[in-house]
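[1] pasting the sequence and the predicted model now:
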Amino acid sequence: MVLALALTGCSSSTTTSGSASAAPAITADTGKPITVWVDSDRAAASDAYKAAFPNDPVTVETYDGGANGSGTFRTKIQLFDTSGSGWPDVVFSTQNNDAAWASQGSNGKQAYAAVLNSGLIPDATISGFAKGALDPCTVDGKVYCLRNDLAQDVVWYNKTLMDQFGYKVPTTWEEYQALGDKLATEHPGYIIGAQGDPWTPEIYMWSSKCQANGITGATAVTVKTDSTECKRAASLLDDLRANKTVPNVSVFSPEFVTNYTGKVLMMPGPAWYGGALFQNTASVNVPAGQMAIAAPLPWKGEDAVTGDVGGATWFISSHSANPGLAAKFAEFVTTADAYQVDKAPGYPAFSAAATKWLAKQAASNYYATDMSALTTAGGEIWSGWGSGISSQEAIWAKTMTPGITAGKNLVDLLPDWQKAISDQYQVDGYTVN
Amino acid sequence: MSTVANRTGTSLRASLTGWSVRGILGVVLLVSVLFFGVPLLWLVLATTKSGHALSVNNPFSIGTVHDFAFNWSQLFDFQDGAVGTWIKNSAIYSVGALVITLVISIPAGYALALTEFRFRRALLVVTLVVMLIPNTALVLPIFLELNVVHLIGSPLSVILPMSFYPFGVYLTYIYFSTSIPRDLLAAARMDGCSEFQVFTRVAMPLATPVIALVGFFNFVQNWNNFFLPFVMLPSSKGYPIQVGLTALLASTPSFNPSSAGAQSIQLPTLALATMVSVLPVLLVFLFSQRFLIRGMTAGGIKE
Amino acid sequence: MKSNTSDGSSVGAGFLRRRSALADSPKRRMAPSAMSYAFVGPYLLFTIAFGLGPALYALYLGFTKRDGSGFAGFANFTHVMKDFRFVPAVEHVGFFVGIWLVALIILVTFFSLLVHSIGANRVRTSLRTIYYLPGALAGASSVMLWLFLLDPTASPANFLLRAMGMDSFNQVVVPSHMPVIFAIIAFWAGAGGWIVIMYGALNNISQEIMEAARIDGAGPLQLALRIQIPMIRKWITYMVIMSLAAGVQLFVEPQFLSQATQGSIPNDYSLNQLAYQYAFKQNDFHGASAISLLLLIVALSLSAIFVARGGLFDKE
């Protein structure tokens, strides 16, 4: 209960509970069929919907979810815009920067995303999302998408291993780095993070207040990667990559599972790492009672801030022939217990669902500590990193990952990164400072 | 042909004296056979294994019927049977375009070879030039063009462009110019056949080999086409199987690691998808290879 | 992109040599009739609709301004060429095509000669079939198959990958390996068709010439270098032209690899992908047309060279 209170504490408007259970009250829809796009992970969400409303005319199609900034969502929608038909009614996107284009009509065409907060989705539901959760969906006060989950970065650690090695959980990034150096000599083979994924900057750079993605207007961005803030994070990653405690490996790769099962001492990363990595038999599958969660780390002498990795979004088409059913679907998958509490691996963005999700996690006794760090982190996301139209993940994957794979240092690659970000934003029509 | 080749072979072989040279060449040949042959063999075997067996067992061991059945059902259950739809789409697009191609190309090749009309030479030159342009080069302009007539998303948006097959016209043209005795056509005309009857009763029956050849090449190209349907048919329900493979790939955790969800496709299932996606073409390749190779080496065979 | 070798454009080589397209005489050709026009009409219509029409439309778009306000000169072209993604895309495609062509020229010639020199008929036939069969897997399917072969956890050749120090898929598919990988995939699927064609061409070399050379004391190497290779040079030229035209269109291979590498192979890796991004991400069909035109010019000038020097194919 303390947890639930702590959670509602960060959102003044979560008092409107019950919309989660309100959705199933709607009867079967017999109108025009709708098409829904999900990635293969979120097929669980559409399956939950179909189980709840087996008679609704919903067709589900799987696509790549726009993962790693592939841009599939956007290119396909613009293709439909050009041909004037064929839009899917509801789309799931793993990225949280899609509102930037989906809210804008291109070449005089109608914007793809429907405005959700002018009647399509009840106000009670909109206001039921955690504070700030809909910021990436909001353009000029209009809400264009619903958040699937919150992806604030926290510090995951293995309490059992920490105790066994006699280490203390670090409280600053400097201590974190020192711990890595110590671990490398005392217990080689163990790791305290990973830096092989495209969202690496959203964990380490964002939380260091590196101004790589400073959205300052509708089409204006400030990019400054030669700051101390960027350099200290880059140099931390370089150091810990060199001593192999934060290796250049993707947490979803087979070799991560092979080499690091039982060897993850710490792992800064988003809320969904819990369900996707540690409590997942297909991944490193840490036994119950070992993993623990700590609040985001500050740099010495500063306040702790953190980043955010995705926290996917659901869009409704403004072209939908059956907006009622589309809205019902989107509302269900973001708020209903049947998916967000029972199935979803990540921290629900909808506060009432989050409360139950946390309670369920706590009841499972999987984690060795309470989960308050998640709530703390939710309020510490640094706002200097925006959600512009260009995908930071795609840029990192294209520019930085090959660089470090080839043995270069991130510190030396920062100017390349600066140029890659600036170039991409310019191509996408932004003014870069 | 074979005696000629044998003679060449024998004398060449006789002069290849050193065992070492022969040994090296033998090894090189073996390597080339492995390079070209092993991937296909491995693919067939992979479809019969479980995901675990694929990475643990000997690559050339045979799996079980049970695992094959599991892969089969996983593949065809994907997205409520989407794979079946994609294969059906591929068949409709390929065969549809094939039929139109033959209806258009054979008479055109005939007319170019055996009749006279204005701009005949111009049309021949255009055919030659366009024939050498890769079919991906014009996809974006064709998209814009078909968009004007609101055909995007319709099967016609791929069937019509694929039915423009200048190479088929050219092949038919060459065939009719060289292999049909004109006296035969003249005789038919003397017998009172109309021009149309000359074509249907005399020329067509004689042209069966070239019709088959054009049909085969066109079918293979249609079936394997990716970029055109990728652009023209953006919704899943319109995909041909080649484009559908991208959706399967996106659901395979090993190649799109961030997907580990309920719709996940295991590696052997993806191998089966690859196999299924080429099966019609592979069968044609296997069962008509003699005919095809003869067609392809035609240039080299003395008349 | 390499579909051209497995479809039959390559067959043209065989047919082309029989008779030059433009050198045929109109003798005993029947007089123009309504029938001729009826026979050729549909084809003419399709040629205009899907050959000339789109090319002219691309030309129009490429030279008009994005806001539709008239003639743009070369502005669209300079715009895309200045794009920071343009030069890398040209390099990517260039490296790939370069490696692929060299491999084709050397290995296809070599294996054609080698197979041709084998005495046993059955061995020759089997070899041709084995080389030729991968041609059934063009485009997407061949890339899929090679994703497996390049993944050390599943590959039947994982010992080779490991011997080269690559233990994981991610170490195999780094961007610097891509041109080689694409070249291997394209070679695997396409080389067989060309070997079959070259083999046919070798069969065609007159025995008198070969015998005469042999009597002069030429060994197999001299025979190959002095007689056989010069005699099949025109097919090699044809292969190079066709492969070059197809290779610059690279699209499906990097498209798949992009998905399989979490984006380390970007979705603007090749020129055709960049054109797609221009069209459907930036909504700039004028820029996309400019890229399409650049690619079209490459293909057109190559085919023009081929047609202009068509005489190459009607000697003997």
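    That came through fine.

[2] can you list the residue ranges for strands in the stretch 1-150 of chain A?
    Taking DSSP state E, counting those that start in this stretch as the criterion, the stretch 1-150 of chain A carries its strands at A:34-38, A:58-62, A:90-93, A:138-139, A:142-143, A:145-147, A:149-150.

[3] closest one to A:A100 among these?
    strand A:138-139 (7.5 Å; Cβ to Cβ). Any C-beta I mention is one placed from the backbone N, CA and C, and that applies to glycine too.

[4] touching that closest one from outside, list them.
    The contact list for strand A:138-139 (Cβ atoms under 8 Å, 6 or more residues apart in numbering or on different chains) reads A:99-100, A:103, A:144, A:218.

[5] rerun at 6 Å
    Strand A:138-139 is contacted by residues A:99, A:103 when judged by Cβ atoms under 6 Å, 6 or more residues apart in numbering or on different chains.

[6] who does that strand pair up with?
    Note on strand A:138-139: by DSSP bridges, its sheet partners are strand A:142-143 (antiparallel).

[7] which intervals of the chain have sub-threshold pLDDT?
    Going with chain A. Scanning chain A for pLDDT under 70 picks out A:1-30.

[8] think we crossed wires, I meant chain C
    C:1-32, C:306-316.

[9] which residue is nearest the middle of it?
    Centroid-nearest residue in chain C, with Cα atoms, centre = their mean: C:S243, separated by 2.4 Å.

[10] tell me the SS of that one?
    At C:S243, secondary structure determined by DSSP: H, G, I helix; E, B strand; the rest coil is helix.

[11] can you pull the domain assignment for chain A?
    Under the assignment automatic domain parsing, the domains of chain A span A:2-150+A:310-378, A:153-308+A:397-432.

[12] I'd like these laid out as a markdown table, including mean neighbour count.
    Output for those, formatted as a markdown table (neighbours: other Cβ atoms under 10 Å in any protein chain shown):
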| stretch | mean neighbour count |
| --- | --- |
| domain A:2-150+A:310-378 | 21 |
| domain A:153-308+A:397-432 | 19 |
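
[13] for the stretch 201-303 of chain B, what spans make up the helices?
    Remark: helices assigned in the stretch 201-303 of chain B by DSSP state H, counting those that start in this stretch are B:204-206, B:208-224, B:227-232, B:241-250, B:267-287, B:289-296.

[14] worst mean pLDDT among those helices?
    Among the helices of the stretch 201-303 of chain B, helix B:289-296 carries the lowest mean pLDDT, at a mean of 68.

[15] rewinding a little: I'd like the domains of chain A written out as TSV, with distance to C:K281 added.
    Supplementary listing: the domains of chain A in TSV, determined by distance: least, Cβ to Cβ, whole Å:
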stretch	distance to C:K281
domain A:2-150+A:310-378	5
domain A:153-308+A:397-432	8
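
[16] among the ones you listed, which is nearest C:V143?
    Nearest of the domains of chain A to C:V143, taken as Cβ to Cβ: domain A:2-150+A:310-378 at 15.6 Å.

[17] skip the chain neighbours and tell me the closest residue to B:N225.
    Nearest non-adjacent residue to B:N225, counting by Cβ to Cβ, 6 or more residues apart in numbering or on different chains: B:M162, 6.5 Å away.

[18] count the residues that sit near the one you found.
    The number of residues packed around B:M162, counting by other Cβ atoms under 10 Å in any protein chain shown, is 25.

[19] and for the one 10 residues further on?
    Number of residues near B:T172 (other Cβ under 10 Å) recorded here: 25.

[20] in three-state terms, label it for me.
    Secondary structure, three-state DSSP: B:T172 is helix.

[21] how about the contacts made by A:G301?
    Neighbouring residues of A:G301 by Cβ under 6 Å, 6+ apart: there are none.

[22] so which bits of the stretch 1-150 of chain B are right by chain A?
    Within reach of chain A by Cβ under 6 Å from any Cβ of the partner chain, the stretch 1-150 of chain B has these residues: B:79, B:147.

[23] one more pass at 10 Å, please.
    B:55, B:78-80, B:82, B:143-144, B:146-147, B:150 (Cβ under 10 Å from any Cβ of the partner chain).

[24] ok, of the residues you listed, which come out buried?
    Among those, those classed as buried by 16 or more other Cβ atoms under 10 Å in any protein chain shown are B:55, B:78-79, B:82, B:143-144, B:146-147.

[25] mind listing which of the residues you listed are in helices?
    When DSSP state H is applied, these are split such that B:55, B:82, B:143-144, B:146-147 fall in helices.

[26] how far does the longest helix seen in chain A sit from the chain's center?
    Using DSSP H, we find that the single longest helix of chain A is helix A:410-427. From the chain centre to the centre of helix A:410-427 is a distance of 22 Å (Cα atoms, centre = their mean, to the nearest Å).

[27] tell me if it is near chain C.
    Yes. Using Cβ under 10 Å from any Cβ, we find that helix A:410-427 touches chain C at A:419-420, A:422-424, A:426-427.

[28] check which element follows that helix along the chain.
    Counting by DSSP states H and E, the next helix or strand C-terminal to helix A:410-427 is strand A:431-432.

[29] partners of that next one, with directions?
    strand A:220-224 (parallel).

[30] give me the angle between the strand it pairs with and helix A:410-427.
    Orientation of strand A:220-224 against helix A:410-427 (axes from the mean of the first three to the mean of the last three Cα atoms, to 10 degrees) gives an angle of 160 degrees.

[31] residues making contact with strand A:220-224?
    Applying Cβ atoms under 10 Å, 6 or more residues apart in numbering or on different chains, the contact partners of strand A:220-224 are A:210-216, A:230, A:384, A:386, A:388-390, A:417-422, A:424-426, A:428, A:430-433.

[32] what's downstream of that strand, the next helix or strand?
    Using DSSP H and E, the helix or strand that follows strand A:220-224 towards the C-terminus is helix A:228-242.
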